[in-house]
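>>> pasting a predicted model and its sequence here:
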Amino acid sequence: MNDGGNEQLDSIELELRAGEILGVSGLQGSGRTELLEALFGTQPFTRGAVRLSGQSVSIGTARQGVRHGLALVTEDRKGTGLALSQSISDNALLAVRAVFPSRTALVKTEIPSILESLEIISRGLDQEVRALSGGNQQKVVLAKWLAISPRIVLLDEPTRGIDVGAKVAVYRLVRSLARRGVGIIFVSSELPEVLGLADRILVMADGRIAGELPPGSSEEEVLSMATGTEAQVVTER
């Protein structure tokens, strides 16, 4: 992404390598969620250039984002990630049916193994998603996106409201996808998560990327960059 912007974001310069876990941190309202939505196409960039594998692409809708191999796990899994009254199996096929309907029959045969790999606890694939725990609901959301074999996975607060065991499963999945060459952008309000998972960390403030930090950075360094404290200290001197 070069010089990307819209009503919420400005001057976004971002590069994601295959197999990289890019963490995004910042205070609430800094533009973290808006960045993922712009990349995915739900609130698209209105200026700037997006390139995938060296080729310029236009991502103006979520459907275009999916067609280009992007997946977005939103922070509101019940409101935007799932059809709660539908079965686990139907939820896992939502993205495929919506964007790649011709693949549905083939992918349907793969769903049981995808769900098994995520260790979802349920009475069966026909169980309504509303009856699952929060952690298992989140795993169904992840299964929905794994079914499209994404090139890039955008994760917005993926461990919010789930138990420790489900969190560990999410971490394992993120690392497994990265090992397979999938690019990951991971947004979390939990700094230990970002610091523990990310290969690089982007810090956002006021709809811009305030800076970048390497792995091994401290929580204090992230907060300092997010609040502009470091810049203020330098100015005062």
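Arrived safely, thanks for sending. Computed from a predicted model, the values in this text were never measured in an experiment.
>>> with only the CA atoms kept, save stretch 38-52 in CSV.
Taking C-alpha atoms only, stretch 38-52 is exported to CSV below (Å, rounded to 0.1, in the frame of the first residue of the first chain):
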residue,chain,number,x,y,z
ALA,A,38,-9.8,-0.4,4.0
LEU,A,39,-7.5,-3.1,2.9
PHE,A,40,-10.4,-5.6,2.7
GLY,A,41,-12.7,-3.3,0.8
THR,A,42,-15.6,-2.7,3.3
GLN,A,43,-14.5,0.9,3.8
PRO,A,44,-12.1,1.1,0.9
PHE,A,45,-9.2,3.4,0.2
THR,A,46,-10.2,6.3,-2.0
ARG,A,47,-6.6,7.3,-2.8
GLY,A,48,-3.3,5.5,-3.0
ALA,A,49,-2.1,2.4,-4.8
VAL,A,50,-2.6,-1.2,-3.7
ARG,A,51,-0.3,-3.9,-5.1
LEU,A,52,-0.5,-7.7,-4.7
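>>> pLDDT on it, on average?
Averaged across stretch 38-52, pLDDT comes to 95.
>>> got any ranges where the chain has weak pLDDT?
230-237 (pLDDT under 70).
>>> got the buried residues for the lengthiest helix in the chain?
Longest helix of the chain, by residue count under DSSP state H: helix 164-179. Buried residues in helix 164-179, counting neighbours by 16 or more other C-beta atoms under 10 Å, are found at 166-167, 169-171, 173-174, 177-178. To be clear about C-beta, it is placed using only N, CA and C from the backbone, and glycine gets the same treatment.
>>> ok, stretch 207-226 next?
Buried positions in stretch 207-226, judged by neighbour count with 16+ other C-beta under 10 Å: 207-211, 213, 217, 221-226.
>>> with stretch 69-81 instead?
So stretch 69-81, judged by 16+ other C-beta under 10 Å, has buried residues 69-75, 77, 81.
>>> return the closest of the buried residues of helix 164-179 with respect to Pro150.
Using C-beta to C-beta, Leu177 comes nearest to Pro150 of the buried residues of helix 164-179, at 8.2 Å.
>>> what segments of the chain are helices?
32-40, 62-67, 88-92, 94-99, 104-117, 134-146, 164-179, 191-197, 219-227, 229-236.
>>> out of these, flag the one nearest Thr46.
helix 32-40 (9.0 Å).
>>> give me the contacts around that closest one.
Contact with helix 32-40 is made by 1, 4, 6, 8-9, 12, 14, 24-26, 43-45, 50, 59, 62, 65, 70, 72, 75, 152, 154, 156, 185, 187, 204, 207, as judged by C-beta atoms under 8 Å, 6 or more residues apart in numbering.
>>> got it, and stretch 176-190?
16-25, 28, 32-33, 35-36, 39, 150-160, 174, 193-194, 197-198.
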